[in-house]
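Novice: Could you work out the structure for the sequence below:
(2 chains)
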Amino acid sequence: MEKPITDYDEVVRNCSCSYCGNNCDDITYLLKDKEIVGVRHACRIGASKIINDKDQRLLNPMVRNSEGILEETTWDIALDKTAELLYNSVRPVLYGWGETSVEAIKKGIKIAEITGSVIDNQSTICHGSSIQAFQNVGHPVMTLGEVKNRADVIIYVGTNPMDDHPRHLSRYTTFPEGFFRRNGRKDRTIITLDPKYTNTAKVSDEWIQFNMNEDYLLFNALRMLLKGEKLDEKEIAGVPIERLENLVETMKNAEYGALFFGLGVSQTLAKQKNVDVLIQLVEDLNNYSKWSMLPMRGFFNVSGFNIALTSETGYPYGVDFSRGYPRFMVGETTTIDLLNRREPDFFMAVSADPGVQFPGYTIQHLVNIPTIQIDTHWGPYTELSDIVLPSTRVGVETEGTAYRMDSIPLFMKKVIDKPENCHSDEWILTRLYERLEQLKQMEDE
Amino acid sequence: MKVILNTGTSVIQAFYEKKGSTLKDEYRQAAAVAFMDINDMKKLSLNPRDKIKIKSDWGEVVVFVDKSHDAPHEGMIFLPKGPWANIVISPETYCCNVPTYKGVTAEISKTDEDVLLVSELMNKVYGKYNLKAEQLSDRPVYKKMGE
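Specialist: Numbers count the residues shown, from 1 in each chain, chains lettered A, B, ... in the order given. Below you'll find the model as predicted:
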């Protein structure tokens, strides 16, 4: 059992967490000698990210030598090499951006434009399909504050926030007292739909288990029942009809319903079609009561990238600048498809670890092309990186803006000093942009 | 035994991933673990922390097994996302940019082979730099400036 931390000399309140899309902004850091020694209010994952592993912290820029070992170098050499590789590539991909500030993302978009790159973020492998569905059928949106103050029925579909957004239930949806929900948990009904008896299912009032890859069937059946149609089957996707009828009844009679869905919906077989029909279900429910929905966005600024890129180019992710103007085509200009087709000849990951996130077959192409990493810690992707540029942590060592999962922008402040030779993503990308401009000028002359 | 493979975040795997200790044994112990229904484990005479080889159309990987706290889910195994899970999941996007992380069919069998650390795994599976065993460790291996 770990003992509470008592040995600290400074308390900094109202800091923002830089882990998931909850963007909890009530975190307290405990400092001793200008180092963070403790974290209050954060979940265990958020706290682990703030405390971090110092053995694997990237501290100096590195370039691979001829033996295949990373060797420390100066910023000038590392940035020159990166700029040269990027400038001379035909099909560069700039991936990541989910764990950095909107300010850095803006610089990234400028780089993509000047080099004719594809710029893409983590939504390409998580909620990209949800965004497609929003474009297909719309998005009955809400903020988390509304849920806290109003919602009496909360449904989680294919998501397990107790594991990947640990404070979602305690801060926004289930346990807090709200303006119209004075008794907190007692005033709310929580229902989880998941093939697995997840930790979220364990704290819910009801868990409905359905068969994997049968989401589309299940949601359509719910829509039919809502419209008063009779179903001939005894069970749908492994769920008895009576339970579905009861669920529809609960949903219809809600005063304010909130539905959250996760990668269990957007990553299974029918992908964006699952989300399509789920949105339509929520739309139909609005004939009876007030219902809205949100995807459970993973990284703390993955939604911010979609917003920033949409406002700059008109498209949410996977934007291709190779023709000099932005293009977006699902399955064509998106990272995984590009790598699966073995197209890119340059790959840069900014605050993301493709070694953790991409399928092995996709990663195999990174072996054959120059790979650049801009990140704070040594991870699986570092083992495949030719150039490593050490950056700083937003919300801890650098200030910046991030968008919460419900698209609320939040300012994240700087609390401690960065390691001496690390620089913020924004600094790195600005220097890289300058170098690329120089190369362009030289060629024009 | 034929199973359906499901991947996703587990709180303990995310804890070490976000902490940034991905090279260390603690991350391997958290992320290279297949969580199985107890009845499936009995069928293969597996005890917690035994090792299995998972084979799918896309590759094979050795991981530990443990009892799932989310059972019952016979015929389905849960593998936290990470470098080990990546090897066996399907890159097929069906032109929808998201690869198939969930619902991949796989074959599992008991094995005595070792579960590799991240640096060993990345070097063995992808072999980008073909490093020697002594150049791989549970700590970053690099040359300091001026050495």
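
Novice: Please list the residues of the stretch 251-400 of chain A that sit near chain B.
Specialist: Proximity of the stretch 251-400 of chain A to chain B (C-beta under 8 Å from any C-beta of the partner chain) is limited to residues A:263-264, A:266-269, A:271-272, A:318, A:330-331, A:334-337, A:340, A:353, A:355-364, A:366-367, A:376-380, A:382-384. In this view, the C-beta of every residue, glycine as well, is placed from N, C-alpha and C.

Novice: What pLDDT does the model give A:Ser18?
Specialist: pLDDT recorded at A:Ser18 is 92.

Novice: ok, B:Val61 - how many residues close by?
Specialist: With neighbours defined by other C-beta atoms under 10 Å in any protein chain shown, the count for B:Val61 comes to 26.

Novice: hang on, the earlier thing: buried subset of the residues of the stretch 251-400 of chain A next to chain B as a PyMOL selection?
Specialist: Here the buried members of these are turned into a PyMOL selection, burial being counted by 16 or more other C-beta atoms under 10 Å in any protein chain shown:
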select buried, chain A and resi 263+264+266+267+268+271+272+318+330+331+334+335+336+337+340+353+355+356+357+358+359+360+361+362+363+364+366+376+377+378+379+380+382+383+384
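
Novice: Give me the three-state assignment for the residue most central in space within chain B.
Specialist: Central residue of chain B (C-alpha atoms, centre = their mean): B:Trp84, 2.8 Å from the mean position. Following DSSP: H, G, I helix; E, B strand; the rest coil, B:Trp84 is assigned to helix.

Novice: what residues are up against it?
Specialist: By C-beta atoms under 8 Å, 6 or more residues apart in numbering or on different chains, the residues touching B:Trp84 are B:31-32, B:61, B:63, B:115, B:121.

Novice: Kindly recompute the last result at 10 Å.
Specialist: Contacts for B:Trp84 (C-beta atoms under 10 Å, 6 or more residues apart in numbering or on different chains) come out as A:360, B:7, B:28, B:31-34, B:54, B:61-64, B:115-116, B:118, B:121, B:125.

Novice: Also A:Thr333?
Specialist: With contact taken as C-beta under 10 Å, 6+ apart, A:Thr333 is in contact with A:93, A:118-120, A:124, A:315, A:317-322, A:326-327, A:343, B:97.

Novice: swap in B:Lys143?
Specialist: Contacts here follow C-beta under 10 Å, 6+ apart; on that basis B:Lys143 touches A:62, A:65, A:67, A:69-73.

Novice: Can you say which of those residues are buried?
Specialist: Here, 16+ other C-beta under 10 Å leaves A:62, A:70-73 buried among the contacts of B:Lys143.

Novice: wait, is A:Ser123 part of a strand?
Specialist: No - residue assignment for A:Ser123, taken from three-state DSSP, gives helix, which places it outside any strand.

Novice: From chain B, how far off is it?
Specialist: Computed as C-beta to the nearest C-beta, to the nearest Å, the A:Ser123 to chain B distance reads 9 Å.

Novice: doesn't A:Phe134 make contact with that residue?
Specialist: No - taking C-beta atoms under 10 Å as the contact criterion, A:Ser123 and A:Phe134 are not neighbours in contact, 11.3 Å apart.

Novice: hey, what's in contact with both of the two?
Specialist: Common neighbours of A:Ser123 and A:Phe134 are listed as A:295, A:316 (criterion: C-beta under 10 Å, 6+ apart).

Novice: For those two, work out which one has more neighbours and name it.
Specialist: Using other C-beta under 10 Å, the more surrounded residue of A:Ser123 and A:Phe134 is A:Ser123, with 29 against 20.

Novice: Need the pLDDT of the more buried one.
Specialist: On pLDDT, A:Ser123 comes in at 93.

Novice: which residues touch it?
Specialist: A:97-98, A:129-131, A:266, A:295, A:297-299, A:302-303, A:305-306, A:309, A:316-318, A:334, B:97-98.

Novice: could you redo the last one with a cut-off of 7 Å?
Specialist: With contacts defined as C-beta atoms under 7 Å, 6 or more residues apart in numbering or on different chains, A:Ser123 is in contact with A:131, A:302, A:306, A:317.

Novice: Same check on B:Ser119?
Specialist: With contact taken as C-beta under 7 Å, 6+ apart, B:Ser119 is in contact with A:383, B:23, B:136-137.

Novice: Over to B:Pro99?
Specialist: Contact criterion C-beta under 7 Å, 6+ apart gives A:125, A:336, A:359, A:362, B:89-93 as the residues in contact with B:Pro99.

Novice: Helices along the stretch 201-350 of chain A, start to end?
Specialist: For the stretch 201-350 of chain A, applying DSSP state H, counting those that start in this stretch gives helices covering A:215-226, A:241-252, A:263-266, A:272-285, A:302-313, A:335-340.

Novice: residues touching the closest residue to A:Leu269 other than its chain neighbours, list them.
Specialist: Sequence neighbours aside, A:Asn213 is the residue nearest to A:Leu269 in space, at 4.3 Å (criterion: C-beta to C-beta, 6 or more residues apart in numbering or on different chains). Neighbouring residues of A:Asn213 by C-beta under 7 Å, 6+ apart: A:268-269, B:103.

Novice: and of those, the nearest to A:Ile109?
Specialist: Nearest to A:Ile109, judged by C-beta to C-beta, of those is A:Thr268 at 31.3 Å.

Novice: how far away is that closest one from A:Thr82?
Specialist: Plainly put, A:Thr268 is 38 Å away from A:Thr82 if you go by C-beta to C-beta, to the nearest Å.

Novice: repeat for A:Lys230
Specialist: When C-beta to C-beta is applied, the distance between A:Lys230 and A:Thr82 equals 63 Å.

Novice: can you redo the contacts of B:Pro99 as a markdown table with secondary structure and distance to A:Glu10?
Specialist: Below are the contacts of B:Pro99 laid out as a markdown table (DSSP: H, G, I helix; E, B strand; the rest coil; distance: C-beta to C-beta, whole Å):
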| residue | secondary structure | distance to A:Glu10 |
| --- | --- | --- |
| A:Ile125 | coil | 39 |
| A:Ile336 | helix | 44 |
| A:Pro359 | coil | 45 |
| A:Thr362 | helix | 45 |
| B:Ile89 | coil | 45 |
| B:Ser90 | strand | 49 |
| B:Pro91 | coil | 48 |
| B:Glu92 | coil | 51 |
| B:Thr93 | coil | 48 |
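
Novice: Distance check, the closest residue to A:Pro390 other than its chain neighbours against A:Thr392.
Specialist: Closest residue to A:Pro390 apart from its sequence neighbours, by C-beta to C-beta, 6+ apart: A:Leu58 at 3.7 Å. Using C-beta to C-beta, one gets 10 Å for the distance from A:Leu58 to A:Thr392.

Novice: Those two: who's more crowded?
Specialist: A:Leu58 (25 against 22).

Novice: Strands along chain B, start to end?
Specialist: Along chain B, the segments classed as strands by DSSP state E run B:2-8, B:33-36, B:51-56, B:59-67, B:76-80, B:102-111, B:142-143.

Novice: Give me the mean pLDDT for the fifth one.
Specialist: I take that to be strand B:76-80. Confidence over strand B:76-80 (mean pLDDT, whole number) is 94.

Novice: got the contact list for that strand?
Specialist: A:196, A:212, B:3-10, B:13, B:30-31, B:33-36, B:63, B:68, B:85, B:108.

Novice: Out of the helices of the stretch 201-350 of chain A, which gets nearest to A:Met348?
Specialist: Taking these one by one with C-beta to C-beta, helix A:335-340 is closest: 11.3 Å.

Novice: Return the list of helices and strands in contact with that closest one.
Specialist: Based on contacts counted as 3 or more C-beta pairs under 7 Å, 6 or more residues apart in numbering or on different chains; DSSP states H and E, the elements that helix A:335-340 packs against are strand A:92-96, helix A:360-363.

Novice: Reformat these as a markdown table; add mean pLDDT and distance to A:Asn14.
Specialist: As requested, the helices and strands packed on helix A:335-340 are exported to a markdown table (pLDDT from 0 to 100; distance: least, C-beta to C-beta, whole Å):
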| stretch | mean pLDDT | distance to A:Asn14 |
| --- | --- | --- |
| strand A:92-96 | 96 | 28 |
| helix A:360-363 | 96 | 39 |
